[in-house]
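# Okay, predicted coordinates and the sequence, questions at the end:
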Amino acid sequence: MCFEDKTRQPGSQAYWPDQGCFTTQRLEWAGVFSTLDRFKQEAGQFFQLCVTNHFHQAMAPKAA
C-alpha cells in the first residue's frame, strides 16, 4: 500500500502497525474459513493492543 499524507509535517511521527498472518499447515477446503476467521480475530486483537492512549490521541479522534 502506498499513500501520501499531505497534512503530516516532515519529521513528525507516523504509525504503521503491521502483522502478518499465515500458516504452514496444509488445510482441507473445509478448514479454510475457520482459519481465516482465526486470522481475523487475531488481527483485531493485535490492532486493539496497538491503540495505546498515545496512539489514540495521535489519530485526533472526533466525537460522533
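Right, received. Where do you want to start?
# From the centre of this protein, point out the most distant residue.
Glu28 (27.2 Å; CA atoms, centre = their mean).
# what helix or strand is the residue nearest to the spatial centre of the chain on?
With distances taken as CA atoms, centre = their mean, the residue of the chain nearest its centroid is Phe47 (4.8 Å). Using DSSP states H and E, the element containing Phe47 is helix 29-50.
# rewinding a little: nearest residue to the residue nearest to the centre of the chain in space, ignoring adjacent ones along the chain?
When the adjacent residues along the chain are set aside, Phe47 lies closest to Pro17, with 6.4 Å between them (CB to CB, 6 or more residues apart in numbering). All C-beta atoms are positioned from the backbone trio N, CA, C, and that covers glycine.
# so how far is Glu42 from that neighbour?
Distance of Pro17 to Glu42, computed by CB to CB, to the nearest Å: 13 Å.
# Ok, Val32 next?
Distance of Val32 to Glu42, given as CB to CB: 16 Å.
# And Gln19, by the same measure?
8 Å.
# okay, now Cys21: neighbour count?
Counted by other CB atoms under 10 Å, the residues lying close to Cys21 total 12.
# Okay, now the unreliable bits of the protein?
Low-confidence segments of the chain (pLDDT under 70): 1-6, 8, 15, 64.
# can you do 90?
Regions of the chain meeting the criterion pLDDT under 90 cover residues 1-23, 25, 27, 30-31, 44, 46-64.
# before we move on, back to that, residues bridging contact with Pro17 and Glu42, i.e. touching both?
Counting by CB atoms under 8 Å, 6 or more residues apart in numbering, no residue touches both Pro17 and Glu42.
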